[in-house]
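Novice: Give me a model of this one.
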Amino acid sequence: MTADKNDNCGHGTHVAALIGGEIYGVARKCRIKPIKILEFPGEFRHHELLQALIEVSEYIIAHPGKRFINIALSAGIPSQLIDSMINSIVDLGAPVFLAAVNLAENADQKSPSSALNAFVVGKCDEQDRMHITSGFGRRLSAFAPGTNIRSAGRCNEETVILTGTSQSCAYGSGVAATIMVRENIERPTELYLHLRQLTLKGKQSGVRGTGTPNEIIYNGEG
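Specialist: Next comes the predicted model:
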């Protein structure tokens with residue numbers, strides 16, 4: 001984590017507003033607790049993510065109730081310690097949603113998307129095609145829209161359009177939050193299973209990579 005808590009690049013604001021913002025949010029009634037890990041995209045360091053995960057664990061223990069974790073970063077080398085921390089958070093009862101990598105790499109071989117007990121979201125485009133830069137592999141759970149996504153920017157009333165698995169993961173987290181409340185789901189494994197049951201299967205074109213699921217996240221309504 002960094003001492004400066006401001007969002008200096010807009011990435012976190014964009015993601016948070018997609019999850020639960022008043023205008024662009026999927027789950028507009030959820031309450032967001034932000035934790036800043038990186039100063040700028042591409043500066044991934046394991047120890048900063050570990051510090052954030054420790055803070056998350058402490059918060060969950062001190063504030064029981066329905067909650068979920070969205071981690072919108074990727075591309076670190078695999079870390080058993082990070083995987084273990086994420087799995088322990090899930091064991092505390094909080095589902096964890098992770099963005100798959102963005103550089104057309106195998107998400108199984110990157111951290112934190114290698115964590116076994118998390119829900120990993122890849123990126124598809126407006127035509128339900130797997131995006132050329134989306135991560136792939138067995139660790140992916142499903143895909144969600146992640147191209148040309150409009151959401152809030154850093155400044156008041158500013159809107160920004162971004163593309164990335166961070167946006168896909170935010171969409172997935174928002175859908176999960178609405179389902180978790182709607183169906184009164186308590187356990188992460190139950191939520192993951194319900195999400196997978198609702199996915200649109202076989203609708204995505206251009207799926208690549210051994211074990212990559214052909215599933216698009218869907219809320220089951222409309």
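Novice: I'd guess residue 141 is in a strand, am I close?
Specialist: Yes: under DSSP: H, G, I helix; E, B strand; the rest coil, residue 141 falls within a strand.
Novice: Please name the nearest non-neighbouring residue to it.
Specialist: residue 119 (4.6 Å; CB to CB, 6 or more residues apart in numbering). Every C-beta, even on glycine, is put in place using the N, C-alpha and C of the backbone.
Novice: How many residues are close by the one you found?
Specialist: Neighbourhood size, residue 119 [other CB atoms under 10 Å]: 25.
Novice: Relative to residue 218, how far out is it?
Specialist: Per CB to CB, to the nearest Å, residue 119 is found 14 Å from residue 218.
Novice: And residue 196, by the same measure?
Specialist: Going from residue 196 to residue 218 by CB to CB gives 11 Å.
Novice: Now list whatever residues contact both of these two.
Specialist: Residues touching both residue 196 and residue 218 by CB atoms under 8 Å, 6 or more residues apart in numbering: none at all.
Novice: Can you tell me the SS state at the residue nearest the centre of the chain?
Specialist: A centroid search over the chain (CA atoms, centre = their mean) returns residue 169, at 3.2 Å, as the residue closest to the centre. Secondary structure assignment for residue 169 (three-state DSSP): helix.
Novice: phi, psi of the closest residue to it other than its chain neighbours?
Specialist: Once flanking residues are discounted, residue 169 sits nearest to residue 99: 3.9 Å by CB to CB, 6+ apart. For residue 99, the backbone dihedrals (degrees, to the nearest 10) come out as phi -80, psi 130.
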